[in-house]
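Engineer: Sequence first, predicted model second:
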Amino acid sequence: QRKVCIFGIELCRLLTVQFSTECSEYLDSTKQKASILFLSAIPKVEKVESSLCSKTVDLIVGGMDAKPGEFPHQAVLGWPRKDNKEEYDFPCGGSLISDRFVLTAAHCLKRGRPEIVRLGVNDISDQYENFVEIDVEQAIRHPSHNHKRSYHDIALVKMAQPVIFSKIIRPACLWTETQENVSSVIATGFGLTTNNGFPSKILQKVSLDILTKAHCAQYNDRSKFNRNITDEQLCIGSVAGRKDTCSGDSGGPVQVLLDDKECVYHVLGVTSVGKACGIGMSSAIYTFVAPYVRWIEQTVWGQ
């Protein structure tokens, strides 16, 4: 292992060489380089760099539609519909973290292995949208996960073939700090927009707060939380209320953008367990990614 500084600012991580290299490559893929010839008394060529990112916009209370390509790592997992095997339901989301793997929640695999991964999706109802659909080869739950409990709720889905990165399909980096060190995150998904509503057709984004575990005390002592909330979990919600992830967002990312000049997000957590959608001071449980980076590295890159 060696210490690597990402973005050239005080964001040093203790990473394996492989992981830091992959993340740096993802960052480089967001830039386009060109040479410009300046005609003057002494002609000279200068190299310029432009961003391939989709412009992000500020979030509003309760969430809003994401722009196409704004979250290029967002994935949805599809299972054949019971009434029509030719069509798919997409009850869970995920995060693209390499050209073959999507990070999601282990509880999503309770229904079995998903059949497809859909990437580059902004409108899930638009069959003519420029998305990519790839068959699933393997679904891997964390070895310590038990469906009777809500601990170690993290999994990897391996696609049958590599995906080609583009402006609207690109991996996220993983958060590797053992402490959150951030106060707010962005959650994304196609879940219900209200507690009794219907799943959103357009990818939704919402700004949420990282709360103390005391805010999630209502989950303690339940059968799925017989050890209460652990250090491998995050309590996230909205201090102002009326904002939350909801049913259908399971497995999707909560993420941070460490530098506005870059458009590669760092996935801090995976949506795991919620109580209700935006009712009062909402809070939900998310799997903290950092404690599982070593397992992810070993599974994805064989480190």
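Structural biologist: Structure's in. What do you need? Just so it is clear, the model here is predicted, and its values are computed rather than measured.
Engineer: Where does pLDDT dip in the stretch 201-303 of the chain?
Structural biologist: The model of the stretch 201-303 of the chain has pLDDT under 70 over residues 241-248, 260-263, 274-281, 303.
Engineer: With the stretch 1-150 of the chain instead?
Structural biologist: Across the stretch 1-150 of the chain, the ranges flagged by pLDDT under 70 are 1-22, 24-63, 128.
Engineer: Going by residue numbers, what spans are helices in it?
Structural biologist: If DSSP state H, counting those that start in this stretch is used as the criterion, the helices of the stretch 1-150 of the chain fall at 17-28.
Engineer: So which residues of it form strands?
Structural biologist: Using DSSP state E, counting those that start in this stretch, the strands assigned to the stretch 1-150 of the chain run over residues 2-5, 12-15, 31-38, 44-51, 64-65, 74-80, 88-96, 101-104, 116-119, 132-141.
Engineer: beta partners of residue 92?
Structural biologist: Applying DSSP bridges to residue 92 gives these bridge partners: residue 77.
Engineer: so how far is residue 146 from it?
Structural biologist: Using CB to CB, to the nearest Å, one obtains 18 Å as the distance from residue 92 to residue 146. Placement of C-beta: from N, CA and C, glycine included.
Engineer: In terms of neighbours, single out the busier of these two.
Structural biologist: Set side by side, residue 92 and residue 146 show more neighbours around residue 92, with 29 against 13, by other CB atoms under 10 Å.
Engineer: Contacts only, for the more buried one.
Structural biologist: 76, 77, 104, 105, 108, 114, 248, 250, 251, 252 (CB atoms under 8 Å, 6 or more residues apart in numbering).
Engineer: and these as a markdown table, adding neighbour count and distance to residue 176?
Structural biologist: Supplementary listing: the contacts of residue 92 in a markdown table, determined by neighbours: other CB atoms under 10 Å; distance: CB to CB, whole Å:
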| residue | neighbour count | distance to residue 176 |
| --- | --- | --- |
| 76 | 28 | 25 |
| 77 | 30 | 24 |
| 104 | 31 | 19 |
| 105 | 28 | 19 |
| 108 | 26 | 23 |
| 114 | 27 | 27 |
| 248 | 24 | 28 |
| 250 | 24 | 23 |
| 251 | 31 | 20 |
| 252 | 33 | 20 |
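Engineer: out of those, which one sits closest to residue 120?
Structural biologist: Set against residue 120, the nearest of these by CB to CB is residue 76 (10.3 Å).
Engineer: What residues of stretch 138-149 count as buried?
Structural biologist: When burial is assessed from 16 or more other CB atoms under 10 Å, stretch 138-149 yields the following buried residues: 139, 140, 141, 142, 145, 149.
Engineer: ok, how many other residues are close to residue 74?
Structural biologist: 30.
Engineer: what's the closest non-adjacent residue to residue 132?
Structural biologist: residue 119 (4.8 Å; CB to CB, 6 or more residues apart in numbering).
Engineer: gap between the one you found and residue 292?
Structural biologist: Residue 119 sits 22 Å away from residue 292, going by CB to CB.
Engineer: Of those two, which one has the most company?
Structural biologist: residue 119 (24 against 20).
Engineer: How much space separates the more buried one from residue 229?
Structural biologist: When distances are taken as CB to CB, residue 119 and residue 229 turn out to be 32 Å apart.
Engineer: Show me the beta-bridge partners of the residue nearest to residue 132.
Structural biologist: For residue 119, the residues forming beta bridges with it (DSSP bridges) are residue 75, residue 132.
Engineer: quick one: it and residue 153, what's the gap?
Structural biologist: Taken as CB to CB, the spacing of residue 119 relative to residue 153 amounts to 22 Å.
Engineer: Pretty sure residue 117 sits against residue 138.
Structural biologist: No: Residue 117 sits out of contact with residue 138 when judged by CB atoms under 8 Å, with a separation of 11.6 Å.
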